[in-house]
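1. Sequence isn't available, so here's the structure alone:
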């Protein structure tokens, strides 16, 4: 089911009534109306219309065409709009008549002016209560109060999360962009702003858990060939199973694709994405492992911090010996040598074992660290500072 949500603000009243505008939707569809939502309803043909407005919004514009010349209820509504006293009971009958003309339900949601945080939160709750899971939603912000388009953007994201609705688009009839020659007003589609928020969310998600596969779908939507975009998912999996060389190979291929990608959002966020996977550009394996240890410490993933820190130290020791870092026997030999020569390395191993197995360590210092996150973080920083 598709639902159109149209926000009503104050209308601009002229001597002959509310000001009309000629809205151009596409090459074949133009409508001249006093309220953009009426034209958008004709264009989209939704299954339901939700009108959202305050006690002083231009409700009378929507309902004027349905009233008879002797309709006292319209006069009462006009007076209530002028005095900022519209209530839900006054809207019900008019909404019913408009429903009959449009051929689908019309619901009115009366809100306050959302001046503060409480009012803004209440508005989101009212919208959520008006929708059911799985609906397709279009939002019109053309005539809303000037602060409400910002809130509508947040509402779109909120509703997609809490009601699992699909936001088809956000529409705005840009009167200030009216073409002087044709007298037509362009219709802007603002869903791209939601896509920008998706990218911001992806950055936040990556900073939290280091899973760069969250960018895969976004890059595909931005025009990158899906096969190239999905390499990020494979690279993320390789890192998750601690196969760093496999992750490096695939991530390097992804970065090459990202560097030549010219989609609008991918280009905008490219520097941030490249900065977040800078570890892959480190020339030596040990350097890459140690860089990941610091990255996972920043994410409070203490087990992975200890794993990559230990592996980085072992790799560096093998490099010092001019050995082969991929050789299992050489890695075990280097690990034992480091444990014999360096008490701090042994302490780090004990900490890794305790984190991996979820058991209390026989070492008292290690056991204390597992009861105090601040102390654990400082200890890991010290291990990195002293050992790496």
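-> Perfect, thanks for sending it. This one's a predicted model, so the numbers in the text were calculated from it and none came from an experiment.

2. what mean pLDDT would you report for stretch 195-213?
-> Mean pLDDT, computed over stretch 195-213, is 91.

3. now swap in stretch 120-140 and tell me
-> Per-residue pLDDT over stretch 120-140 has a mean of 92.

4. just stretch 180-191 next, same as before
-> Across stretch 180-191, pLDDT averages out at 92.

5. which outside residues touch that stretch?
-> Stretch 180-191 has contacts (Cβ atoms under 8 Å, 6 or more residues apart in numbering) with 21-25, 30, 40, 141, 153, 167-175, 177-179. From N, CA and C alone the C-beta is placed, and that goes for glycine too.

6. Can you say which of these are buried?
-> Buried residues within the contacts of stretch 180-191, counting neighbours by 16 or more other Cβ atoms under 10 Å: 21-25, 30, 40, 141, 153, 167-173, 178.

7. if you look at the residues you listed, which of them are in helices?
-> Counted as lying in helices by DSSP state H, out of the buried ones among the contacts of stretch 180-191, are 40, 153.

8. now, which of the buried ones among the contacts of stretch 180-191 lie within strands?
-> Secondary structure of the buried ones among the contacts of stretch 180-191 is defined by DSSP state E; positions in strands are 21-25, 30, 141, 167-173.

9. So of those residues, which two are at opposite extremes in space?
-> Distances among these were taken as Cβ to Cβ; the most separated pair is 22 and 167, at 26.9 Å.

10. and the spatially closest residue to residue 239 that is not a sequence neighbour, how many neighbours does it have?
-> Spatial nearest neighbour of residue 239, excluding adjacent residues (Cβ to Cβ, 6 or more residues apart in numbering): residue 247 at 4.0 Å. Residues lying near residue 247 (other Cβ atoms under 10 Å) number 24.

11. how close does residue 247 get to residue 173?
-> Noted for residue 247: a distance of 48 Å to residue 173, by Cβ to Cβ, to the nearest Å.

12. a helix runs through residue 325, doesn't it?
-> No: under DSSP: H, G, I helix; E, B strand; the rest coil, residue 325 falls outside any helix and is assigned coil.

13. Low-confidence ranges, this protein, go.
-> Residues of the chain that meet the criterion pLDDT under 70 lie in 11-18, 65-71.

14. hmm, try it at 80
-> Scanning the chain for pLDDT under 80 picks out the ranges 10-19, 61-62, 64-72, 145-146, 325, 359-362, 388.

15. Identify the residue nearest the residue nearest the centre of the chain in space, chain neighbours excluded?
-> By Cα atoms, centre = their mean, the chain has its centre lying nearest to residue 198, at 3.2 Å. Residue nearest to residue 198 in three dimensions, not counting chain neighbours: residue 218, with 6.1 Å by Cβ to Cβ, 6+ apart.

16. Was I right to think that neighbour contacts residue 263?
-> No: using Cβ atoms under 8 Å, residue 218 makes no contact with residue 263, being 9.3 Å away.

17. how about stretch 284-300: buried residues?
-> 285-297.

18. same deal with stretch 117-128?
-> Of all the residues in stretch 117-128, those buried under the rule 16+ other Cβ under 10 Å are 120, 123, 124, 126, 127.

19. Let me see the contact set for the third one.
-> Contact analysis of residue 124 by Cβ under 8 Å, 6+ apart lists 151, 154, 155, 158, 159.
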